[in-house]
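> Here is my input, please return the structure:
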Amino acid sequence: MQSGLNAKRAAQVAVAGCVVWVSSCRLLDAPEADAWMDQARSYALTPATDWVYPVGTVRSEGTVEGAERLLAEDGASCRLAYVAGGPKPVVVLDFGRQSVGGYAVFTVTAKQGLPVVRLAYACHPDGLSETGCFTRSTSARYLGEAFDLPVLPGNVYRHETYTVPRTGRFIAPLIQGQTRYVRLQLDTPGTEVSVDAVAMVNSEVYDRTPNDGLFLCGDERLNRLWAISAWTVQIASFPNHDAWKCVDGWLLPRKLEQAEEIGLSRDGASWGDVRVETTFELRANPEHVSAAGLAFRAADARNAYLAEVGLDGAVRLLARQDGRDRVLCERRLDAPLVDGARYRLEVEAIGPALAVRLDGADVARAEDAAFSGGRVGFYTPKEKWPLFDSIRVTDARGRVLLDDDFSGGLDRWQFARTLPFVADGAKRDRLVWSGDLYFAQRSAYYASAHPFYLRDSLRMLAFNQTPDGYVHASPYPERSVPPARGDYGPFPSDEFAAWLVPVAWDHLLYTGDRETFRELWPAMRRLMDYLEAHLGADGLFQQRSETSKHAGNLKLGDVRKRAFMNILLCAVFRDAARIADELSLRDEAASARRREAALVDALERHLWDEAGGFYREAVETPRFGAEANALALSLGLVSPERARRIAPHFKKIGHGKFQSLASRGRFEYGFAQSGLQTLFDHNWLKLLSDGWKGAWTTTECMGTITKGWGDESHPDTAIAHHFSAYLLGVVPLEPGFRRFRVRPQATREVRWAKGLVPTPRGAVRCEWEIKEDSFELLLTVPKGTRADIALPGCRRVTVNGHARGLAELPAGTYRVVAEGVSAEAWRDPTLQRSTSDRRMAYSAKASSSHEAGGWGIAHLFAPEQDTARKGYSSKPHAAADAEEWIEIDLGEERTLGQLVLVPRRDVAGTDGSVAGFPRAFTVQLAKEPGAYTTVKKVEDGASLGPDGLAVDLYTVIGYPAARYIRIAATRLGAPASDEPGRYRLQLARLRVLRPEELRAP
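As a prediction, this is how the structure comes out:
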């Protein structure tokens, strides 16, 4: 027992300016104390079952009876009838705010004629055309013109058509990764169809595990955003991206981009004479001929006999040897097949005699002795969309060798399988992206106790490493062979390669998974050697053009010495040292720390602006670099004093994940109010607007996407971790939460918060509340962990138990009460007015300007009600093929959302069109005078709306930032009717809109 003097000393511990006294207390008991958990769970968006039905109908068109019957499979059907000469019958179904992904399945109960049913998909009503929100030709191509996104088994089309020759179930051929709305349409005049229900089926498409973590606070908006963020990560977390999937008892074998087009039975290497029987149906591919194929007597995917029947009636019997096909028999049936109809396909191999039968009739025969035995399987080239109901293999005596109806899994088959992973988005890419995991992963850790999707994402990235250490940014999940030296993948980026180590450290910090890291360490060591080999004499990274793409520039060629890249490298070596420490690799930890110290010194000498108080964007462009400084703060790389100097420089960053990073950086240093305001200044709250009809998921760049290929579910803009880590205040300090910190951060909006934080050792339960000048904290510390509590300045603190401080609290439950908390305790020293309140002031110049009669370059931005100022007009030209340009200086760099070119309306053109409005022009942006990059090209055919022509500046990397805008016309519009023969560039007004000014649909 301690003496009285020692006990007194132990009881008086200075903590953040407080004197800590200890009192005995325990956490409140259930059930009253647990009621908040049910409330927190009520916000969850994760579907309760794998079969998800619509929650309502949005509208119907044409002859539609009983649209509401599509909401449940209960025997009651909706009837669609397409009367010749009338409108197409359409029903738009709403699957709910959370949106879903998977395979569409619908049931036909009756039909007349041979109907063709169309399903189209979109996450917002504005995108729900007959072909959905994009087509193959309009899908994203930023990874290359031949690079289809989404990758298989995702569907590169956002619609499907189904011929209906029968009643019963119809199953989609490929995955639609995310949709809120489904358009059900009958395409064929003079036909009718009755449909019982439409469902989206999750057949190992996304994670549906209930959340282990919880968050609840006094601001309803944040509770919803936490749930939205957690669900965003889930819908983009894939149990696999396997080549074969089973849906409702049917097998859907598909060829993945970097895998074989043949999958085979595990057994059967010695099977000789066989009969193979299967039932199949085909789905129509909009641009290719679908087909069903079998492989038999196969040694492997490169050596087998192949039998294929196409939707166009083409039948082929092939011998594939060493990957080369030899035609044994080829013919065309008297009539094509019908998609949706079911057919019986048989293959018989008796000695050298080979036969193919369709519904019992011979359709191909040949004799060949290339293969005498082997396994069986399915042959499915990329563009073929078959579905198989079952397969049966017998030998020459009728003995059953294989009988599979695909109801018991696919363990008897060999085909391309993938690891689970977290994708960059559910709808579009469906690829892991190394550089985006850092922004996404913590939301997963705060929602799930078992983040194996992230673990296997790391494994996937580490596998896709070249011999010299470079790591692919976005590898195909199915790759089975590591890339060769010099193969930098479809997105060649040293920046994305470097992210492997910081992402890995975060995973180790939150999970304590040493076993995986012993496996990954050799890849991380090779990566560090690769990166260090490209450090220059000045200590900074020397960027090569061939690997120069990065998050802010999707094109090669940016070889500047960027602060973002060099700050990232500091994190690489710092985090590598931490990982090495955990693996007891002392020498390697010391080596990594030396590398880190050298980089920190180089950053200080070349990229820190002491006078300005920020990191320069690059040595070559010494302005404030928003992304770089956000990264430095989020990583905790600077002192608190420097953080206070950096923070006021931030303005709104158009790219949502970097705005999130700036928010995270502010929170990291305790600037909670401005950290939260940074989120409010972007588009997260727009998701909660009554007027928002899109999905409740955080989007690519946090744009308010309504149509097109933009991804509506991007985990890199999820912000659940902002609330759990900073507002609630629970973060790990040592791997696996062996030691963690609780540092609540209150704001004007958040005066209390409660949550569960999952850890490998059990959940941390944390609840806190501010009451006038006191602060109360309830905390459960799981077994095997220790907690540090950080509180603001106060007069007195009490904590239960014996006399002790607030550090190293062992497992147990605690009530901590701080009394006399100053009103200034939660003040944010960096808080400043939202940048969205700032007014824009422009200046402009032009290649020529007609300064008379109400025209003038300065009038381009005059108030629209000032009709005396007509706008801008160039000098006249004799022909339309003349060039004119306008340049706008915004006064400072700003994030841009849209340009609106307003035409003159006072007179028409000589051809009846809008006078003087450019027929062809480019929009170019620059941060420095003259350094323009073309971001949009507009050709003839662009449609003018009532407000003019809106030029959306959104790109795959978000809204661009620029100071200078150049509109360069290369073909002028028709002359004004009162000036025939005189071609001019004329605009009544030009509007420059920030992203937050875009009208939410």
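> which residues of the stretch 251-400 of the chain score low on pLDDT?
Within the stretch 251-400 of the chain, not a single segment meets pLDDT under 70.
> Show me where this protein dips below the pLDDT cut-off.
Residues of the chain that meet the cut-off, pLDDT under 70, sit at 1-33, 801-804, 832-841, 941, 996-1001.
> how is it carved up into domains?
Annotated domains of the chain cover 1-46+215-235+719-834, 51-208, 244-414, 422-605, 607-682, 839-997 [automatic domain parsing].
> First-to-last residue distance for the shortest one?
Translated: domain 607-682. One end of domain 607-682 sits 28 Å from the other (CA to CA, to the nearest Å).
> next one: the second one
The first and last residues of domain 51-208 sit 11 Å apart, counting by CA to CA.
> Ok, the longest one next?
Taking CA to CA, the span from the opening residue of domain 422-605 to its closing residue is 38 Å.
> can you give me the offset of that domain from its chain's centre?
19 Å (CA atoms, centre = their mean, to the nearest Å).
> try the last one
In this view, domain 839-997 has its centroid 34 Å away from the chain centroid, taken as CA atoms, centre = their mean.
> Leu222 reaches Phe723, doesn't it?
Yes: counting by CB atoms under 8 Å, Leu222 touches Phe723, with 5.7 Å between them. Where C-beta positions appear, they are placed from N, C-alpha and C, glycine not excepted.
> any residues in contact with both of those two?
Taking CB atoms under 8 Å, 6 or more residues apart in numbering as the criterion, Leu222 and Phe723 both touch Phe215.
> show me the contacts for the spatially closest residue to Tyr959 that is not a sequence neighbour.
Spatial nearest neighbour of Tyr959, chain neighbours left out: Gly654 (3.1 Å); criterion: CB to CB, 6 or more residues apart in numbering. Applying CB under 8 Å, 6+ apart, we find Gly654 in contact with Cys701, Thr895, Leu896, Gly897, Gly958, Tyr959, Pro960, Ala961, Pro995.
> Let me have the domains of the chain in a markdown table, extended by distance to Leu688.
Shown next, in a markdown table, are these (distance: least, CB to CB, whole Å):
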| stretch | distance to Leu688 |
| --- | --- |
| domain 1-46+215-235+719-834 | 6 |
| domain 51-208 | 10 |
| domain 244-414 | 34 |
| domain 422-605 | 17 |
| domain 607-682 | 11 |
| domain 839-997 | 15 |
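> For Phe280, which non-adjacent residue is closest in space?
Ala292 (4.3 Å).
> List the strands paired with the helix or strand harbouring that neighbour, with their directions.
Using DSSP states H and E, Ala292 maps to strand 291-300. Sheet pairing of strand 291-300 (DSSP bridges) gives strand 303-310 (antiparallel), strand 375-379 (antiparallel).
> Which among those is found nearest to Asp711?
Distance to Asp711, taken as CB to CB, is lowest for strand 375-379 among the strands paired with strand 291-300, at 31.1 Å.
> what about that closest one, distance to the chain center?
Here the centre of strand 375-379 is set off from its chain's centre by 35 Å, with CA atoms, centre = their mean.
> Show me what the helix or strand that it is followed by is in contact with.
Note on strand 375-379: by DSSP H and E, the next helix or strand toward the C-terminus is strand 386-395. Residues from elsewhere that reach strand 386-395 (CB under 8 Å, 6+ apart): 171, 173, 249-253, 265, 268, 271-283, 290-293, 342, 376, 378, 380, 400-406.
> Just the buried residues of strand 386-395, please?
Residues Pro386, Leu387, Phe388, Ser390, Ile391, Arg392, Val393, Thr394 are the ones in strand 386-395 that count as buried (16 or more other CB atoms under 10 Å).
> so what's the first one bridging to?
Spelled out, that is Pro386. Here Pro386, judged by DSSP bridges, has bridge partners Leu282.
> swap in the fourth one?
According to DSSP bridges, Thr279 are recorded as the beta-bridge partners of Ser390.
> roughly how far apart are it and Gly177?
From Ser390 over to Gly177 the distance is 28 Å, taken as CB to CB, to the nearest Å.
> same deal with the second one?
Leu387 sits 19 Å away from Gly177, going by CB to CB.
> do Pro876 as well
53 Å.
> And these two? Which one has more around it.
Of the pair Pro876 and Gly177, Gly177 is the one with more neighbours under other CB atoms under 10 Å, namely 29 against 15.
> Which strand or helix spans the more buried one?
Under the criterion DSSP H and E, the helix or strand holding Gly177 is strand 176-179.
> Now do that strand: everything it contacts.
With CB under 8 Å, 6+ apart, strand 176-179 has contacts from 95, 99-104, 121-123, 150, 154-155, 158, 200, 205, 235, 425-428, 430, 695, 697, 712-713.
> same thing but 7 Å
95, 99-101, 104, 121-123, 150, 154-155, 235, 426-427, 430, 695, 712-713 (CB atoms under 7 Å, 6 or more residues apart in numbering).
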